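Student: Below: sequence and its predicted model.
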Amino acid sequence: MDTPDIIVIGGGSAGAAMAGRLAEGGTRVLLVEAGRSDKTLKSRVPALTSSVVQNPDYDWCYKVEPDPSLGGRADVWPAGKLLGGGSSLNGMMFIRGHKWDYDHWADLGASGWDYQSVLPYFRRLEDNERGPDAWRGTGGPIGVSEVRSRYTITDDWIAAAEAAGIPRSEDLNGKSAEGVDYVQVSQRGGLRCSTARGYLEGRDYDGRLKVELECQVLRILVEDGRACGVVVRQGREERTWRSTRGVVLSAGSMNTPRLLMLSGIGPAEHLQDMGIPLVRDLPGVGRNLQDHVGTHLVNTVSGTTLNTDAQGLRGALQLLKFAALRTGALTTGIGHAQAFVHGRPGLPAPNLQISFAAFAFDFDEQGRLMLRKDAAVSTLIGLMRPSARGRITLRSADPLAPPVITHQQLGSEDDIEQIVEGIAIARRIMEATPMAAQITGEVRPGAALDAPEALREYVKLASIPLYHPVGTAKMGAAEDLMAVVDPDLAVHGVEGLWVADASIFPSLPAGNTNATAIMVGDKGSDHVLKALRANR
Ligand SMILES: Cc1cc2nc3c(=O)[nH]c(=O)nc-3n(C[C@H](O)[C@H](O)[C@H](O)COP(=O)(O)OP(=O)(O)OC[C@H]3O[C@@H](n4cnc5c(N)ncnc54)[C@H](O)[C@@H]3O)c2cc1C
């Protein structure tokens, strides 16, 4: 390909969708991805996810600053560094979020991103095993399937949740995102269906799409106020690639603000401190960082769970099952059933995601995460609308230096209180029929931890980030000084530059963020195509 029309930076959940759809729409696209190919069993076989997460060959492994709200812990935040990005290493839970979330985006200034406007894109991006209806789609690039690692105890958990008063949802991605149901996963035929697989694999769109791997963009070239190319590092070489119509930045919530700032687009004062010449003062770049946070309830149980299935001969049987039928333990994602609930009255939408898995992890003596050896289940109580807002800044002007990530997962006493309320709901499910008869113990927090104050302390120490960073280049109206892109995803004040990834979310949706990021890439392509047609 000669000079492309558009360069897309980052082939992750949103970027691969963006690049595929732009090429489908007649645009000549160069997709530049820092990571390697996702065509490896480690990514494709669902249960091998743990071999890519926190593996620097496939993961950016960002170390955040010590978080005072988590007792000063400095966690490592994983982020996909391979084609497909997060969609190639995540837990594969496929969930869109609540109607209210998108109507709220529109209220925050993202006009044209209300629920009715995003729904057609959620439908067109998926190939839903449950079939189509007014809310769900078939024939799209992303396979959405039922969990193929089925355990009776998951059915029992759903029944117990109903007995505890949580209504059964027909489809949490359908008419109502409230109640309890099985998880759906982004898989096709028992293998992970990343955006690399869904939008790119085996397709070059009649020569209109070229993908460069292991090629890290160092900065975006802006000349006379217009984005016209990128400076990249491939191997030891540094080079410049130009495009005729512009650049789409889809490098994810940590790298998108980093690249904007390295290119002179961001808070003027910070750029001056870093010695980077200012191209456009946008104070919102890197601000508004949000992430879900959650705490686990872990129970030992009688009967079979994935933990016991992973041992010895049973483990061998699971291997055979996977090889022959693409079912069983090796197809597991991070959750098997889930409930979206209102933890307290008066909320416009559920504030808690309670995810159940028919397995549980523990830490070994070196502090590494290991599957427990006994039959155990885990319930993750996730806070859907945490109050904290963090920040991404540059460490230096060195484009290879990791960014500084400053965040407090638990931003207020009320955040902690909501999780404590969620633990009470999760415990009530375990005490309900038919779960109660199978519970042999509570490992975490531990039955002795019952008093509210003790539980609050537990939440502060045991909560974990859910790896859903969003919002660091937020979309908003022109009059919102902290908005980085407008509702067409165009960067304020720079021609020919768009952002499409989770960084543009004005706020967190209720649920894991991959499906929403893909929707942003897919819908975003229509905004870019519209702009290209208008400026012909
Ligand atoms: C461990 C983990 C588990 C998760 N589990 C789930 C789940 O079960 N369900 C769910 O819905 N969500 C889950 N998520 C979240 C979800 O995967 C992300 O929200 C989503 O992938 C974000 O998409 P994105 O397009 O914004 O960024 P990404 O998918 O991260 O894409 C960014 C891409 O840009 C590339 N890139 C970055 N910088 C450069 C550069 N300078 N030059 C070139 N390329 C660059 C990256 O390598 C990457 O491929 C999980 C995330 C993680 C990390």
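Tutor: That came through fine.
Student: the strands in the stretch 401-536 of the chain, which residues?
Tutor: For the stretch 401-536 of the chain, the strands defined by DSSP state E, counting those that start in this stretch cover 404-406, 439-444, 464-465, 497-499.
Student: buried ones in the first one?
Tutor: The reference is to strand 404-406. Buried positions in strand 404-406, judged by neighbour count with 16 or more other Cβ atoms under 10 Å: 404-405. Where C-beta positions appear, they are placed from N, C-alpha and C, glycine not excepted.
Student: Report the rounded mean pLDDT for that strand.
Tutor: Over the span of strand 404-406, the pLDDT mean works out to 98.
Student: how about JSON lines for the strands of the stretch 401-536 of the chain, with distance to Lys99 added?
Tutor: As requested, these are arranged in JSON lines below (distance: least, Cβ to Cβ, whole Å):
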{"stretch": "strand 404-406", "distance to Lys99": "31"}
{"stretch": "strand 439-444", "distance to Lys99": "33"}
{"stretch": "strand 464-465", "distance to Lys99": "26"}
{"stretch": "strand 497-499", "distance to Lys99": "24"}
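Student: ok and the residue in the stretch 51-200 of the chain nearest the ligand?
Tutor: Going by Cβ to the nearest ligand atom, the ligand is nearest to Gly86 of the stretch 51-200 of the chain, at 2.0 Å.
Student: quick one: which of the strands of the stretch 401-536 of the chain is nearest Ala110?
Tutor: Of all these, strand 497-499 sits nearest to Ala110, with 12.7 Å by Cβ to Cβ.
Student: just how off-centre is the closest one within its chain?
Tutor: Computed by Cα atoms, centre = their mean, to the nearest Å, the chain-centroid distance of strand 497-499 equals 20 Å.
Student: which regions of the protein lie under the pLDDT threshold?
Tutor: For the chain, the stretches flagged by pLDDT under 70 are 367.
Student: how about 50 then?
Tutor: For the chain, no stretch is flagged by pLDDT under 50.
Student: tell me the domain ranges of it?
Tutor: Per automatic domain parsing, the domain ranges recorded for the chain read 1-60+79-145+188-291+388-394+470-536, 148-182+293-383+411-462.
Student: Comparing the ones you listed, which comes out most buried?
Tutor: domain 1-60+79-145+188-291+388-394+470-536 (a mean of 22; mean count of other Cβ atoms under 10 Å).
Student: what's the first-to-last distance across that domain?
Tutor: Between the opening and closing residues of domain 1-60+79-145+188-291+388-394+470-536 there is a gap of 20 Å (Cα to Cα, to the nearest Å).
Student: same check, this time on stretch 58-73
Tutor: 24 Å.
Student: do stretch 484-492 as well
Tutor: 6 Å.
Student: again with stretch 399-414
Tutor: 38 Å.
Student: for stretch 116-136, same thing?
Tutor: With Cα to Cα, one end of stretch 116-136 sits 13 Å from the other.
Student: Spell out whether it and the ligand are in contact.
Tutor: No: using Cβ under 6 Å from any ligand atom, stretch 116-136 never reaches the ligand; the gap is at least 12.5 Å.
Student: can you list the residues that contact that stretch?
Tutor: Applying Cβ atoms under 8 Å, 6 or more residues apart in numbering, the external contacts of stretch 116-136 come out as 17, 94, 96, 102, 106, 137-146, 171, 173-175, 184, 188, 515, 518-519, 522-523.
Student: Report the distance from that stretch to the chain centre.
Tutor: 19 Å.
Student: What parts of the stretch 301-450 of the chain come near the ligand?
Tutor: Ile334.
Student: show me the residues around the residue of the stretch 301-450 of the chain found nearest the ligand that make contact.
Tutor: Using Cβ to the nearest ligand atom, the closest approach of the stretch 301-450 of the chain to the ligand is made by Ile334 at 5.1 Å. Listed by Cβ under 8 Å, 6+ apart, the contact partners of Ile334 are 49, 90-93, 355, 357.
Student: ok, which stretches of the chain are helices?
Tutor: 13-24, 41-44, 99-107, 115-125, 152-163, 195, 252-262, 268-274, 306-309, 312-325, 413-431, 452-462, 514-534 (DSSP state H).
Student: Keep the contacts of stretch 116-136, but drop any that are not near the ligand.
Tutor: Applying Cβ under 6 Å from any ligand atom, the subset of the contacts of stretch 116-136 adjacent to the ligand comprises Ala515.
Student: Near the ligand, which residues of the stretch 101-250 of the chain? Just list them.
Tutor: So the stretch 101-250 of the chain meets the ligand at 216-217, 250 (Cβ under 6 Å from any ligand atom).
Student: With distance to Ala159 added, can I get the residues you listed in a markdown table?
Tutor: Listed next are these as a markdown table, based on distance: Cβ to Cβ, whole Å:
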| residue | distance to Ala159 |
| --- | --- |
| Gln216 | 50 |
| Val217 | 50 |
| Ser250 | 42 |
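Student: closest to Leu209 among those residues?
Tutor: Checking these against Leu209 with Cβ to Cβ, the nearest one is Ser250 at 14.2 Å.
Student: quick one: contacts for the closest residue to the ligand within the stretch 351-500 of the chain?
Tutor: Using Cβ to the nearest ligand atom, Tyr467 is the residue of the stretch 351-500 of the chain that sits closest to the ligand, at 3.7 Å. Contact analysis of Tyr467 by Cβ under 8 Å, 6+ apart lists 77-79, 90, 291.
Student: Gly179 now?
Tutor: Applying Cβ under 8 Å, 6+ apart, the residues near Gly179 are 166-169, 172, 339-340.
Student: Just send those residues back as a markdown table, with distance to Arg326 too.
Tutor: Converted to a markdown table, the contacts of Gly179 look like this (distance: Cβ to Cβ, whole Å):
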| residue | distance to Arg326 |
| --- | --- |
| Ile166 | 31 |
| Pro167 | 32 |
| Arg168 | 28 |
| Ser169 | 26 |
| Leu172 | 24 |
| Ala339 | 27 |
| Phe340 | 29 |
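Student: So which of the residues you listed are in strands?
Tutor: Using DSSP state E, the members of the contacts of Gly179 that fall in strands are 339-340.
Student: so how far is stretch 246-254 off the chain centroid?
Tutor: 15 Å.
Student: before we move on, the earlier item: now, which of the contacts of Tyr467 lie close to the ligand?
Tutor: Answer for those near the ligand (Cβ under 6 Å from any ligand atom): 78-79, 90.
Student: could I get these as JSON lines with distance to Ile429?
Tutor: Output for the ones next to the ligand among the contacts of Tyr467, formatted as JSON lines (distance: Cβ to Cβ, whole Å):
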{"residue": "Pro78", "distance to Ile429": "29"}
{"residue": "Ala79", "distance to Ile429": "32"}
{"residue": "Asn90", "distance to Ile429": "25"}
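Student: Between all of the contacts of Ile334, which two are at the greatest distance?
Tutor: Thr49 and Ser355 (15.4 Å).
Student: Go through the strands of the stretch 401-536 of the chain and name the closest to Arg389.
Tutor: Closest approach to Arg389 among those is made by strand 404-406 (10.3 Å; Cβ to Cβ).
Student: same for the closest one, what does it pack against?
Tutor: strand 391-393 (3 or more Cβ pairs under 8 Å, 6 or more residues apart in numbering; DSSP states H and E).
Student: one step back: just the contacts of Tyr467: which are in strands?
Tutor: Using DSSP E, the contacts of Tyr467 in strands are Trp77.
Student: which residues sit against stretch 358-375?
Tutor: 50, 149, 151, 153-154, 296, 298-308, 310-311, 332, 336, 376-378, 443.
Student: Just to check, Arg280 is in contact with Met261?
Tutor: No: Arg280 is not in contact with Met261 according to Cβ atoms under 8 Å; the separation is 10.8 Å.
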